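Visitor: Quick one, what's the 3D model for this:
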Amino acid sequence: EYEDLPVVTDPVEAMKAGSPRVHEFIGDSNICVHYKIRKGNVNEAFAKADVIVEGEYHTPVQEHAYLQPEAGLAYIDDENRVTVVCGGQWTHEDQEQIAHALHLPEERIRVIYPAIGGAFGGREDMSVQIVLALAAWKLGRPVRIIWSRQESIIGHGKRHSAVLRAKWGATKDGRLVAIQNEIIGDAGAYMYTTNKVLGNSTITSTGPYFVPNVKTDVYGVYTNNAPGAAFRGFGAPQALFMAEMQMNKLAEKLGMDPVEFRLKNALKDGDTLGVGTPSPSPVSVIQCIEAAREKFEWNNGRKEEEREASHLKRGQGFAAGFKNIGFSFGYQENCWARIELRGKSDIDEVILHHASAEVGQGTHTVMTQMAAEAVGVPYEKVKLVASDTAVTGSSGSVSASRMTFMSGNAIRGAAELALKKWQAEERPAVAEFKY
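Guide: You can find the predicted model right below:
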C-alpha cells in the first residue's frame with residue numbers, strides 16, 4: 001500500500017514557506033543552495049543611474065540526447081574486484097560512489113571507461129554504475145545492461161531550468177553602475193550538481209563586464225522534477241542569457257549601439273569580477289568583441305535594393321560571454337599522469353597512463369600527441385593506457401572544458417621528470433606528476 005503525497009513542480013512555489021517538502025529532513029524550506037554577492041552599494045548606485053531596466057527570464061530544462069544511451073558491463077575480476085565497464089566522465093568519482101553505496105573499500109571497486117561518444121555533462125552523475133556493481137557482486141557472475149532511449153530520458157538529469165530576475169542600471173554615457181539579480185534554479189528531487197552549477201551561474205550573472213555595485217541572490221530549490229545536472233556551460237548559459245538580454249535593453253534605452261555599449265563596459269586587466277575577485281589576466285574580452293564585430297561586419301547591413309528584393313526578413317544579433325576553464329568556484333584543481341620511457345640507447349616506446357575519459361571530444365588523441373611532443377618522439381611511439389582506476393591516478397572529470405589544459409600540464413610535468421631519469425641512464429625511466 002502507498003499513499004499519494006502532494007508534489008511540487010514549480011521552484012518558485014517550492015520556495016514558499018507553506019509548500020510541500022520534497023524531503024522530510026530538509027527542515028522549513030525546499031531551498032538547498034543560496035549564494036550571495038554583495039559588492040558596493042546598489043541602492044546608492046541605482047539612485048545615480050540615468051537608465052534602469054528590469055526583466056524576468058525563463059530558461060527550460062534540456063535533454064543531452066547523446067547518441068549512445070546508458071549501458072555497461074560488470075564482473076568480478078581476477079583480483080576479486082567488482083569491475084564496472086561503462087561510459088562516464090570521471091572514473092575515480094564513480095569508483096568512490098559505487099564503494100560508498102555498496103559499503104566496500106574503494107580498492108575493491110574497479111571502473112573502466114571504454115572510449116564512447118557523447119556526454120555533455122549528462123554522464124557526470126550515476127546511472128547504471130551502482131546497480132551493475134551490486135548485481136555482479138551479489139550474483140558473482142557478469143551482468144550487462146542497456147537503457148532504452150525512453151529510460152535514458154527518464155533516468156538521467158537535465159540542464160537546470162531557471163527563473164532569472166534582473167534590475168540593471170547605467171548612466172547616460174553608457175556605464176553600468178548597478179546590478180541586482182535573483183536566479184532560481186530547479187534542483188529537482190536530488191542534489192546532483194546544483195550547488196556547483198549555480199556557483200557558475202553566480203560568477204557569470206554579471207556578464208563579462210565591470211560593475212562596481214552588485215547584489216545577487218542565487219537559489220537552488222528542491223522540487224519533484226527530474227534532478228538538475230551538469231550540461232555544457234554548467235550554469236553559465238542561463239545567467240549569460242539574462243545578462244545579454246539586459247545589455248540589449250539598456251543599449252536600446254540609451255540609444256547606443258549594443259556592441260559599443262558592450263565594449264565600454266567589458267572587463268579589462270585589473271578589473272574585479274562581479275564576485276569581487278580579480279579577473280584572470282590577460283583579459284581579452286575587448287579584443288574578442290572587436291574581432292567578432294569586424295568578422296560579422298556589424299551594422300554594415302546589406303544594400304537597400306537587396307533588402308527590398310528579398311522576401312526574407314533578416315536581423316542581426318550580438319552577444320558576449322565568458323566561462324571558466326576548470327571547475328571554478330574555489331575548487332582545488334588537480335590532474336595526474338605517469339610516463340614510462342622504454343628502450344636501450346634510444347626511446348623506442350612511451351607509455352602514458354592517464355585516467356581521462358574519452359567521450360567523443362578527442363581527448364585520447366590530443367593527450368597522445370602532447371606526450372609525443374613533450375618527450376620528443378613520433379606520435380606512433382606513444383601507447384596510451386587510459387581510463388582504468390586499477391592502473392591510473394585521478395585525472396578529475398572530463399568536464400568544465402578543462403581536460404586538454406589539465407592533462408597537458410600533467411603530461412608535460414611527467415615527461416620532464418622521466419627525461420631527467422632517462423638522461424641519468426635509468427631504464428625504463430618512469431615518472432609521475434600531479435599538476
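
Visitor: Give me the pLDDT value at Ser399.
Guide: You'll see Ser399 listed with a pLDDT of 91.

Visitor: where's it, which helix or strand?
Guide: According to DSSP states H and E, Ser399 maps onto no helix or strand at all.

Visitor: Put the alpha carbons of stretch 86-106 into CSV.
Guide: Only the C-alpha atoms of stretch 86-106 are listed here, as CSV (Å, rounded to 0.1, in the frame of the first residue of the first chain):
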residue,chain,number,x,y,z
CYS,A,86,30.7,1.8,-18.8
GLY,A,87,30.7,5.3,-20.2
GLY,A,88,31.3,8.2,-17.8
GLN,A,89,33.2,11.4,-17.2
TRP,A,90,35.3,10.7,-14.0
THR,A,91,36.4,7.1,-13.3
HIS,A,92,37.6,7.8,-9.7
GLU,A,93,34.5,9.6,-8.8
ASP,A,94,32.4,6.7,-10.0
GLN,A,95,34.6,4.3,-8.0
GLU,A,96,34.1,6.3,-4.9
GLN,A,97,30.3,6.5,-5.2
ILE,A,98,30.0,2.7,-6.0
ALA,A,99,32.2,1.9,-3.0
HIS,A,100,30.1,4.2,-0.8
ALA,A,101,26.8,2.7,-2.0
LEU,A,102,28.0,-1.0,-1.5
HIS,A,103,29.8,-0.3,1.7
LEU,A,104,33.0,-1.7,0.2
PRO,A,105,36.5,-0.3,0.4
GLU,A,106,37.5,1.6,-2.8
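
Visitor: and Leu250, what does it touch?
Guide: Val51, Val53, Trp168, Ala170, Leu176, Phe261 (CB atoms under 8 Å, 6 or more residues apart in numbering). Backbone N, C-alpha and C define where each C-beta goes, glycine included.

Visitor: The fifth one contacts Val214, doesn't it?
Guide: This means Leu176. No - counting by CB atoms under 8 Å, Leu176 sits too far from Val214 to count as a contact (9.8 Å).

Visitor: Count the residues that sit near Arg38.
Guide: When neighbours are counted by other CB atoms under 10 Å, Arg38 registers 13.

Visitor: Strands along the stretch 101-250 of the chain, start to end?
Guide: 109-112, 143-146, 158-159, 162-170, 176-188, 214-222, 228-229 (DSSP state E, counting those that start in this stretch).

Visitor: Dump the first one to CSV, restricted to CA.
Guide: By that I understand strand 109-112. The C-alpha coordinates for strand 109-112 follow below in CSV (Å, rounded to 0.1, in the frame of the first residue of the first chain):
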residue,chain,number,x,y,z
ILE,A,109,35.9,-1.4,-6.9
ARG,A,110,37.4,-1.0,-10.4
VAL,A,111,36.0,1.3,-13.0
ILE,A,112,37.0,1.1,-16.7
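
Visitor: So which elements touch it?
Guide: strand 82-86, helix 91-102 (3 or more CB pairs under 8 Å, 6 or more residues apart in numbering; DSSP states H and E).

Visitor: between the shortest one and helix 91-102, how many degrees?
Guide: Interaxial angle, strand 82-86 versus helix 91-102 (axes from the mean of the first three to the mean of the last three CA atoms, to 10 degrees): 130 degrees.

Visitor: circling back to that earlier point, most tightly packed of the helices and strands packed on strand 109-112?
Guide: Most buried of the helices and strands packed on strand 109-112, by mean neighbour count (mean count of other CB atoms under 10 Å): strand 82-86, with a mean of 24.

Visitor: Adjacent strands (with direction) for that one?
Guide: Strand pairing for strand 82-86, using DSSP bridges, gives strand 71-76 (antiparallel), strand 109-112 (parallel).

Visitor: Could you identify which of those is most buried?
Guide: strand 109-112 (a mean of 25).
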